[in-house]
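Participant: what's the 3D shape of this:
(chains A and B)
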Amino acid sequence: MDTREKDIENLKDYKYGFITDIENIKAPKGLNENVIKFISNIKKEPEWMLNFRLKAFERFKQLKEPNWQKPKYPKIDYQDLYYYSAPKSMKNKPKSLDELDPKLLETYKKLGIPLQEQARLNGIAVDAVFDSVSVATTFKGELTKHGIIFCSMSEAIQKHPELVKKYLGSVIPTTDHFFATLNSAVFTDGSFVYIPEGVKCPMELSTYFRINASETGQFERTLIIADKGSYVSYLEGCTAPMRDENQLHAANVELIALDDAEIKYSTVQNWYPGDANGKGGIFNFVTKRGLCKGKNSKISWTQVETGSAITWKYPSCILKGDNSVGEFYSIAITNNYQKADTGTKMIHLGKNTKSKIISKGISAGFSDMTYRGLVDINSKAKNSSNYTQCDSLLMGNKCGAHTVPYIKNKNFESNIAHEATTSKISEEQLHYCQQRGLNSEEAVGLIVNGFCKEVLQQLPMEFAVEAQKLVGISLEGSVG
Amino acid sequence: MTEQLQIDFDKITKSLGISEKDKEFKRKYLKKFIESGFPNKKKENWKFLDINQIIKKNIGDLSFFNDYSSPNKIDSTIFVDGLEHNKIIFINGRIEKIDFNYEDKNKIEINDEIEKKVLFDNDNSLLDLNNAFTNKTFKIVVKENYSLKKPLIIYHTTNKKMRLKSINLRLDFELEKNSSLRLIDFFTDNTDKNFQNILYNFNLKKDSILKNYKIDNFKNDNLKYSFNNIEQEANSVSETFILSAGSNYFKNEINCNLNGEYSSAFVNGLFSLKENQQHEIRTIINHLVENTKSYQLIKSVLGESSKAAYQGKIFVNSKAQKTDGYQLSKAILLDESSEFNAKPELEIYADDVKCSHGSASGNLNESSIFYLMSRGLNYQQSKELLINGFLLDVVEKITDSEIKNLIKNMIGLKE
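Facilitator: Modelled structure (predicted):
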């Protein structure tokens, strides 16, 4: 067996599908004020935080679940979910990794994320989130030297309340849409990053999300603030065990870039997609929004979406500062009965703002894929430009690929260009590759990787390799 | 509004003297319309331009009663010069004249009692309004193997009697095997502040060809809505051209079902707007079987607080392999008050297809203006030349050379 085949053999089944047998502390089932108070209390939160949650919950009660999306899903009973679940050993947070429950360490080792710093040679600082809590953050010492704050959200609320107070909810307000508001009310943990003025973060920061407990919704909240002239590259990875039920994941991610700052946010999303008959899997309803607040700031989203039963998210950029830049690179792959409705929003408010959208969708099996995007150039956004390209690749005639772009231009000095194509892998391309000795699956893998290249190039090196493999594996069995 | 609707409805049904069965049919749609009212921007199709608001702002309270009992005088000055043609004349929504003088009488059949049936399932309340209030619905059949010698021009005009009224009319066409029809819709208005709601239903049999040109070129203060439903059998061709420039508000909707193999649909549109005009084109092309083709090109030139929207959808059924679908929309914004919105949508369930769309909007290219000015034209001339060239591209897509020249002359485009 050559290495590629081995990789496939290893990953053919969802290899992250194991369950860690660990004792949990859970909040009582259901959604009400008491549960929110329970969460806030167990995390020893200050009063303003509790008020933030309750305000969001008040608002949530008035909101209706949206229903305009393409992939429909069975009704979620929000009263039948646990909103907080944490390993018991985390009740009193361990001071160092040595005190961490060995079962948790083992879990992350299995996932390929060793938390011991000495084992990390590639220099990526990791924040590991297990169900509702952050279990470990590595490389803290090194980062503190530069004045960088990288910790769990709970810790940030305790230690840096002034920053959290100022920025939390400034991009995704508590009055936002249904799922975002739900998150504001019940979010449990997540990562917090602050890069001080003029600092270029010396290593990649990364969060690893893991859903373990059953009947649990995961609601994490990430907040990244890049102060003037700073730079940070942030990675996010996700997995979950195989379960027959659908699990809800509704995270909020807020990015804020001040003058001349740059944030690069990469996601490799590999939640459990359900089995080949579409049973189980994660509902990935995430709100991600970045605000280019300062002049010359830049926010770039890169996502590789291969997992989840339903993916429904639109990482967006609000280009408020003059000369700010927003970018969105996406590969979304759906196979079997997976469904995705994803894309982006680029809202141009400042002068000379630029945005670029590259989206590649691949659907196979019985899956359904939708690109939905908004480009809105405000009347004050003089001299702005947008370029959008969304390509779809279909494999078989049981799947669907859809493109729904909304294009609004209110400024006559601005330009928008949009292109989209839908096609299949041509017989000629396949024939050419096979003639040169590749079998049909290798040939498809090669062509698909070429199709996605523009996006894969945007990922940090370690992620790119993983993503490339994932692309090949997600399409296993779809050709023949 | 509900009360007004009921009163006007009773008045109309009484004056028309229609059968109880028809009345029942109409009442059903009236009920539906009363329930939903004019569509507003909460409906996805009306997101960009909200007709409910536009009617409120431009007209206020509409009256739905039209007196169809007495004929109106035909003003022959509105007739198009320099093109021999057949005529259908609508004045205030009432058919005043049907004239096929140039044609073989046996080859064209005109029925005024057609079977009323629901065309298509949708939640478009304007079609409900149309169904409830149209007076007479004619069906025109072009017989097998017959091609009309001259084009047919349908005049849509109003006279002084009309103001603040809703006008509803409907025509059905059937093109039998291997027949062809060139149809021009020509809009002239002598009054303002009316809302016209036009519904056409085309049935294209095997090998037939339909060419429909909609010309709204004279500046007026009316609001118009037009819905074309086109059903196409094998090997049939439909070509629709829309010149959208005159009315205060005009929305053209095309719903085209390509039911037969090798059928094809072409939609070309041109917006030339100013002074707060708000126009929209919305198309849905359904590719339902193998080897069908569609092509759409929409161009806009917008200035002085005008707004244009284009919503185009290509739907490809899982059976419809080898579909070829193409969509392109381009807009030039002339000043800071104008706005262009687009939603080019693809919904595809088959893998062996070629579908693409493109959309671009921006201002005139400064370097092109510079190039022309360096060759001796002044700024205004350079601008006009560039806009001319931009629009000419769409007009050149018209396949009938006679009508192409007519339209070119009308909008003053030079080659």
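Participant: C-alpha from now on. contacts and neighbour counts both.
Facilitator: OK.
Participant: Show the end-to-end separation of stretch B:144-153, please.
Facilitator: In terms of CA to CA, to the nearest Å, the two terminal residues of stretch B:144-153 are separated by 21 Å.
Participant: so how far is A:Arg372 from the residue of the stretch 201-350 of chain A found nearest chain B?
Facilitator: At 12.5 Å from chain B, A:Asp341 is the closest residue in the stretch 201-350 of chain A, using CA to the nearest CA. For A:Asp341, the distance to A:Arg372 equals 7 Å [CA to CA].
Participant: Look at the residue of the stretch 201-350 of chain A closest to chain B and give its secondary structure.
Facilitator: Under DSSP: H, G, I helix; E, B strand; the rest coil, A:Asp341 falls in the strand class.
Participant: burial count for it?
Facilitator: 23 (other CA atoms under 10 Å in any protein chain shown).
Participant: Going along the chain, name the strands of the stretch 51-200 of chain A.
Facilitator: Applying DSSP state E, counting those that start in this stretch to the stretch 51-200 of chain A gives strands spanning A:85-87, A:124-130, A:133-137, A:149-152, A:191-195.
Participant: which stretch in those has the least confidence?
Facilitator: Among the strands of the stretch 51-200 of chain A, strand A:133-137 carries the lowest mean pLDDT, a mean of 63.
Participant: before we move on, back to that, name all residues that make contact with the residue of the stretch 201-350 of chain A closest to chain B.
Facilitator: Residues in contact with A:Asp341 (CA atoms under 8 Å, 6 or more residues apart in numbering or on different chains) are A:Gln69, A:Lys70, A:Pro71, A:Ile310, A:Thr311, A:Trp312, A:Lys313, A:Met369, A:Thr370, A:Tyr371, A:Arg372.
Participant: 7 Å instead?
Facilitator: Residues in contact with A:Asp341 (CA atoms under 7 Å, 6 or more residues apart in numbering or on different chains) are A:Lys70, A:Pro71, A:Thr311, A:Trp312, A:Lys313, A:Met369, A:Thr370, A:Tyr371, A:Arg372.
Participant: Give the buried residues for the helix or strand bottoming out on mean pLDDT in chain B.
Facilitator: Across the helices and strands of chain B, mean confidence by mean pLDDT, DSSP states H and E is lowest for helix B:2-16: a mean of 79. Across helix B:2-16, burial judged by 16 or more other CA atoms under 10 Å in any protein chain shown covers B:Leu5, B:Gln6, B:Asp8, B:Phe9, B:Ile12, B:Thr13.
Participant: Distance to A:Lys200 added to those, as CSV?
Facilitator: As requested, the buried residues of helix B:2-16 are exported to CSV (distance: CA to CA, whole Å):
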residue, distance to A:Lys200
B:Leu5, 68
B:Gln6, 71
B:Asp8, 72
B:Phe9, 72
B:Ile12, 76
B:Thr13, 77
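Participant: And the furthest pair within those residues?
Facilitator: Spatial extent of the buried residues of helix B:2-16 (CA to CA) is set by the pair B:Leu5 and B:Thr13 at 12.0 Å.
Participant: Okay, now the unreliable bits of the stretch 1-150 of chain B?
Facilitator: Scanning the stretch 1-150 of chain B for pLDDT under 70 picks out B:113-122.
Participant: Now do the residue of the stretch 1-150 of chain A at minimum distance from chain B against B:Glu275, distance only.
Facilitator: As assessed by CA to the nearest CA, chain B sits closest to A:Trp68 within the stretch 1-150 of chain A, at 9.4 Å. Distance of A:Trp68 to B:Glu275, computed by CA to CA: 34 Å.
Participant: the more surrounded of those two?
Facilitator: Comparing A:Trp68 with B:Glu275 by other CA under 10 Å, the one with more neighbours is B:Glu275, at 15 against 8.
Participant: Where does the more buried one fall, secondary structure wise?
Facilitator: Assessed by DSSP states H and E, B:Glu275 sits outside every helix and strand.
Participant: so what's it up against?
Facilitator: Applying CA under 7 Å, 6+ apart, we find B:Glu275 in contact with B:Glu304, B:Ser305, B:Ser306.
Participant: same question, B:Leu297
Facilitator: B:Leu297 sits in contact with B:Val267, B:Asn268, B:Gly269, B:Gln327, B:Leu328, B:Ser329, B:Val394, where contact means CA under 7 Å, 6+ apart.
Participant: Separate out the buried members of these.
Facilitator: When the contacts of B:Leu297 are checked for burial by 16+ other CA under 10 Å, the buried set is B:Val267, B:Asn268, B:Gly269, B:Gln327, B:Leu328, B:Ser329, B:Val394.
Participant: got a pLDDT number for the closest residue to B:Lys160 other than its chain neighbours?
Facilitator: Sequence neighbours aside, B:Thr191 is the residue nearest to B:Lys160 in space, at 5.8 Å (criterion: CA to CA, 6 or more residues apart in numbering or on different chains). We have a pLDDT of 84 for B:Thr191.
Participant: ok but B:Thr191 is inside a helix, no?
Facilitator: No. B:Thr191: not assigned to a helix; according to three-state DSSP it is coil.
Participant: That one: how many residues sit nearby?
Facilitator: 18.
Participant: Pull the number of nearby residues for residue 198.
Facilitator: Just so you know, I chose chain A. With other CA under 10 Å as criterion, A:Gly198 counts 14.
Participant: that's the wrong chain, I wanted chain B
Facilitator: Around B:Ile198 there are 22 other residues, counting by other CA under 10 Å.
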